[in-house]
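I need the structure of the sequence given here:
(one chain, ligands or ions: 1)
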Amino acid sequence: MDRDSLLNPGSTIGIIGGGQLGRMLAIAARQMDYRTVVLDPDSGCPAGQVSDGQLAEPYSSRDASRELARLTDVVTYEFENVDADSVSAAAELAPVHPSSSVLRTTQHRLHEKNALLKAGVSVAPFRQVQSLSDLQSAAVDLGCPMVLKTATEGYDGKGQMIITREEDIEHSYDLLAGRKTELIVEQFVPFKMEISTICARTAAGQTQTFPPAENIHRNHILDVSIVPPRIPDSVIENARLLAADIAVQLDVVGLISVEMFVTKENELLVNELAPRPHNSGHYTMDGCDTSQFEQLVRVLAGLPIAEPKLHSPTVMVNLLGEVWEDTDGDPDWARALELPGVSLHLYGKAEPRVGRKMGHINVVADTVEDALYIATEARDRAWRRSR
Ligand code: AMP
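Just a heads-up that it's a prediction; the model follows:
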């Protein structure tokens with residue numbers, strides 16, 4: 001271990017972005033007596049509420065990210081739509097993990113796919129789309145259905161459309177072409193399951209992967225993560241090896257979250273990377289002996305990382321703003337928490353809007369089936385939807 005880059009407790013971690021991921025990172029940091037300063041324009045943001053300091057400035061301000069680096073010993077970011085030039089500016093004054101070059105690769109779908117191909121990783125066949133005729137010839141090569149996506153600034157299904165028929169090509173192109181970003185089109189993968197794995201890698205090159213999660217989306221937003229996934233152990237092991245390989249090949253220091261499709265033949269195709277903690281890793285807070293957030297604190301501090309173990313089957317359900325809708329503003333947490341194995345995590349967001357991630361529930365149980373049943377029931381009870 002490189003003792004020179006070891007940051008002892010009492011040192012300060014800078015976090016660009018003040019959402020729920022930053023909040024849970026700050027809480028994990030505090031547990032080990034590290035301090036945090038958050039850069040986020042919203043002074044009431046979830047991470048700012050639990051941090052030692054906040055710079056209420058725009059993410060795109062290079063002066064603000066330099067100031068963050070001056071105030072802290074190491075800097076990270078909790079979302080990837082942050083301005084990469086601001087991250088580079090912070091890196092002039094403090095170590096930034098993962099590096100701005102990892103960020104640049106992962107915030108642009110074309111760069112990301114090309115990096116994955118270069119690393120020998122399988123992805124859905126895709127084409128770059130710069131014109132309508134590019135999309136028309138892609139349809140000849142890839143066949144419908146296809147998924148047209150903006151290369152940047154797409155998340156939770158925003159900026160993407162499924163093209164099921166050739167007649168829809170022109171209309172779909174018109175809808176996305178005005179977005180001031182490049183486009184990419186992919187073959188539609190008739191996957192049997194979506195899974196994700198998070199890998200941590202230290203500056204010295206040590207890697208550890210978390211147990212993969214099976215992810216179910218609703219309206220393009222993660223709804224449920226089930227751990228372990230209901231697929232053969234050999235596929236789970238392959239997913240872990242693949243995530244570790246990607247972390248090494250991209251030279252990631254920090255966390256890399258790898259979303260994959262599992263095909264009917266149990267082949268793994270990587271869909272997307274995120275160089276940060278991930279919603280599908282929230283189960284680790286209660287299901288593993290080390291959470292994704294603690295693991296990231298360890299990387300940032302230059303400490304050894306843990307070999308994370310799942311101690312019980314665990315299911316996470318997201319709590320979106322909808323849960324507040326029919327409850328006069330107070331979901332029935334007491335009834336949800338009557339159930340065994342339930343942990344409630346809320347993000348301190350004042351305004352519960354539809355689709356907004358307000359919190360999550362983790363359930364640990366003896367079997368995946370029990371955890372899934374209890375998690376769904378707990379959310380329904382909070383939502384006051386169960387009898
Ligand atoms: P993404 O923003 O790329 O993570 O896509 C959001 C969701 O859309 C994924 O989790 C999948 O459910 C679906 N999706 C994206 N790309 C494809 C594809 N090529 N084939 C099938 N489904 C896809």
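
how about the secondary structure of the residue of the chain most remote from its centre?
In the chain, the residue that sits farthest from the middle, by CA atoms, centre = their mean, is E167; the gap is 34.6 Å. The three-state assignment at E167 reads helix, by DSSP: H, G, I helix; E, B strand; the rest coil.

in contact with it, which residues?
Residues near E167 by CB atoms under 8 Å, 6 or more residues apart in numbering: none. Backbone N, C-alpha and C define where each C-beta goes, glycine included.

rerun that using 10 Å as the cut-off
C144 (CB atoms under 10 Å, 6 or more residues apart in numbering).

now Q160
With CB under 10 Å, 6+ apart, Q160 has these contacts: 109, 147-150, 154, 172, 176, 183-186, 220.

once you drop chain neighbours, what's closest to it?
Leaving aside its sequence neighbours, Q160 sits nearest to K149 (CB to CB, 6 or more residues apart in numbering; 4.2 Å).

checking my notes, that neighbour in a strand, right?
Yes - according to three-state DSSP, K149 belongs to a strand.

how far away is the nearest residue to R353 once chain neighbours are set aside from the ligand?
Spatial nearest neighbour of R353, chain neighbours left out: G321 (4.5 Å); criterion: CB to CB, 6+ apart. Distance, G321 to the ligand, by CB to the nearest ligand atom, to the nearest Å: 20 Å.

so what's the residue nearest to Q160 bridging to?
For K149, the beta-bridge partners under DSSP bridges are Q160, I184.

may I have the phi/psi pair for S312?
phi -150, psi 150 (degrees, to the nearest 10).

which residues does the closest residue to it other than its chain neighbours contact?
In space, and not counting its chain neighbours, S312 is closest to V364: 4.3 Å by CB to CB, 6+ apart. Residues counted as contacts of V364 (CB under 10 Å, 6+ apart) are 227, 283, 286-287, 310-315, 340-343, 370-371, 374-375.

restricting to C-alpha, output the strand or helix carrying I198 in PDB.
Secondary structure assignment for I198, by DSSP states H and E: strand 193-201. Output of strand 193-201 as PDB, limited to C-alpha atoms (Å, rounded to 0.1, in the frame of the first residue of the first chain):
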ATOM      1  CA  MET A 193     -33.000 -10.300 -17.400                       C
ATOM      2  CA  GLU A 194     -31.000  -7.100 -16.500                       C
ATOM      3  CA  ILE A 195     -28.300  -7.300 -13.900                       C
ATOM      4  CA  SER A 196     -25.600  -5.000 -12.600                       C
ATOM      5  CA  THR A 197     -22.400  -5.400 -10.800                       C
ATOM      6  CA  ILE A 198     -20.300  -2.800  -9.000                       C
ATOM      7  CA  CYS A 199     -16.500  -3.200  -8.900                       C
ATOM      8  CA  ALA A 200     -14.200  -1.200  -6.600                       C
ATOM      9  CA  ARG A 201     -10.600  -0.600  -7.600                       C
END
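
SS state for the residue of the stretch 201-350 of the chain found nearest the ligand?
Closest residue of the stretch 201-350 of the chain to the ligand, CB to the nearest ligand atom: E272 (4.4 Å). E272 falls in the strand class when you classify it by three-state DSSP.

that one: neighbour count?
Under the neighbour criterion other CB atoms under 10 Å, E272 is assigned a count of 20.

in contact with the residue nearest to Q160, which residues?
109-110, 126, 129, 157-161, 176, 181-186, 272.

just the buried ones from those, in PyMOL syntax?
Only the buried entries of the contacts of K149 go into this PyMOL selection, using 16 or more other CB atoms under 10 Å:
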select buried, resi 109+110+126+129+159+160+161+176+181+182+183+184+185+186+272
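
list the buried ones in the host helix or strand of N215?
Assigned by DSSP H and E, N215 falls within strand 213-218. Neighbour counts over strand 213-218 (16+ other CB under 10 Å) mark 213-215 as buried.

what do you get for stretch 89-106?
In stretch 89-106, counting by 16+ other CB under 10 Å, buried: 89-91, 93-100, 102-106.

and the end-to-end length of that stretch?
Stretch 89-106 stretches 18 Å from its first residue to its last (CA to CA, to the nearest Å).

now it: average pLDDT?
Mean per-residue pLDDT for stretch 89-106: 97.

enumerate the residues of this structure near the ligand.
Contact residues, the chain versus the ligand (CB under 6 Å from any ligand atom): 124, 147, 154, 157, 160, 186, 188-189, 194, 217, 220, 259, 271-272.

one more pass at 8 Å, please.
109, 124, 126, 145-147, 149, 154-160, 162, 186-191, 194, 215, 217, 220, 259, 261, 271-272 (CB under 8 Å from any ligand atom).

quick revisit: now do the strand holding N215: distance to the chain's middle.
12 Å (CA atoms, centre = their mean, to the nearest Å).

and what of stretch 363-380?
Averaging C-alpha positions (CA atoms, centre = their mean) puts stretch 363-380 22 Å from its chain's average.

stretch 278-293 too?
Worked out by CA atoms, centre = their mean, stretch 278-293 lies 12 Å from the chain centre.

can I get the helix ranked longest in the chain in CSV, CA atoms only?
Ordering each helix of the chain by length in residues (DSSP state H) puts helix 233-249 first. Provided in CSV are the C-alpha atoms of helix 233-249 (Å, rounded to 0.1, in the frame of the first residue of the first chain):
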residue,chain,number,x,y,z
ASP,A,233,-24.2,-19.2,-10.4
SER,A,234,-21.8,-19.5,-13.3
VAL,A,235,-23.5,-16.4,-15.0
ILE,A,236,-23.2,-14.5,-11.7
GLU,A,237,-19.5,-15.3,-11.5
ASN,A,238,-19.0,-14.3,-15.1
ALA,A,239,-20.7,-10.9,-14.4
ARG,A,240,-18.3,-10.3,-11.5
LEU,A,241,-15.2,-11.2,-13.6
LEU,A,242,-16.5,-9.0,-16.4
ALA,A,243,-17.0,-6.0,-14.1
ALA,A,244,-13.5,-6.4,-12.6
ASP,A,245,-12.0,-6.7,-16.1
ILE,A,246,-13.7,-3.4,-17.2
ALA,A,247,-12.4,-1.7,-14.0
VAL,A,248,-8.9,-2.7,-14.9
GLN,A,249,-9.0,-2.0,-18.6
